[in-house]
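>>> I'll drop the sequence and a predicted model, then ask my questions.
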Amino acid sequence: MLDPVAASAADAIPIWRLRRQREDWLATRGIDQWRPGEVAVSTIQDQVGRGEWHVLRDETVIAALRVLWSDPEFWGPDDGSAVYVHGLMIDLDRAGEGLGSDLMDWAAGLAKQNGRTHLRLDSALTNPGLTRYYERLGFLRKGQRQVGDLFEVILWERPV
């Protein structure tokens, strides 16, 4: 049984390292999504301090995701029906084990336990592999949006 836990202050640097690993991986593939070095450790520390990050450990942090109860920057005003996931990351050494899918199911369960009816997230329009992944996980496109000076995103939703 998958058992992610709320991240502690000690998890901020391992979460940041996972992020850096993924940023570099995307950059080497020419995918304009997470740019190397764009998120500071202090940003992750602040988010951990607000209780937004959850991690999966196997001696070290092997996966992480951010859970938000509203996401006005990407989704606009909150209607109280969804939980929002950001920053799903699996250590590259553990890729292909189904941990991402399991974490999404866990987040959907958290949403349902808290009276929410949907799980929502976004992905870069420029990342077709991630688009296919979220479609396989049962997410439906709910629109596209330019977010600030970031890339254009696809908004995804699935019922819980």
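Perfect, thanks for sending it.
>>> and residue 70, how far is that from residue 140?
Distance, residue 70 to residue 140, using C-beta to C-beta, to the nearest Å: 20 Å. For every residue, glycine as well, the C-beta is placed using N, CA and C.
>>> repeat for residue 103
Separation of residue 103 from residue 140 (C-beta to C-beta): 19 Å.
>>> which one of these two has more residues nearby?
Just comparing residue 103 and residue 140: by other C-beta atoms under 10 Å the higher neighbour count belongs to residue 103, 23 against 12.
>>> run through the residues that contact that one.
2, 4, 56, 63, 65, 88 (C-beta atoms under 8 Å, 6 or more residues apart in numbering).
>>> buried subset of those, written for PyMOL?
Filtering the contacts of residue 103 down to the buried ones (16 or more other C-beta atoms under 10 Å) takes a single PyMOL command:
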select buried, resi 4+56+63+65+88
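>>> nearest to residue 49, out of the contacts of residue 103: which one, please.
Nearest to residue 49 among those is residue 65, at 16.6 Å by C-beta to C-beta.
>>> quick one: mean pLDDT for the longest helix seen in the chain?
Using DSSP state H, we find that the single longest helix of the chain is helix 12-28. Mean pLDDT, helix 12-28: 94.
>>> and the spatially most distant residue from the centre of the chain, backbone torsions?
Of all residues in the chain, residue 59 has its C-alpha farthest from the mean position, at 21.5 Å, by C-alpha atoms, centre = their mean. Main-chain torsions, residue 59, degrees, to the nearest 10: phi 70, psi -50.
>>> how close does it get to residue 130?
According to C-beta to C-beta, residue 59 and residue 130 sit 28 Å apart.
>>> ok, residues contacting the worst-scoring helix or strand of the chain on mean pLDDT?
Across the helices and strands of the chain, mean confidence by mean pLDDT, DSSP states H and E is lowest for helix 72-75: a mean of 90. Here helix 72-75 makes contact (C-beta under 8 Å, 6+ apart) with 78, 82, 84, 120, 122, 145, 147, 148, 153, 155.
>>> coming back round to it: nearest to residue 37 among the contacts of residue 103?
Among those, and counting by C-beta to C-beta, the member closest to residue 37 is residue 88, at 19.6 Å.
>>> need the phi and psi values for residue 51.
Dihedral angles of residue 51 (phi, psi; degrees, to the nearest 10) stand at phi 80, psi 20.
>>> gap between the spatially closest residue to it that is not a sequence neighbour and residue 90?
Leaving out its chain neighbours, the residue that sits closest to residue 51 by C-beta to C-beta, 6 or more residues apart in numbering is residue 6, at 6.0 Å. Distance of residue 6 to residue 90, computed by C-beta to C-beta: 18 Å.
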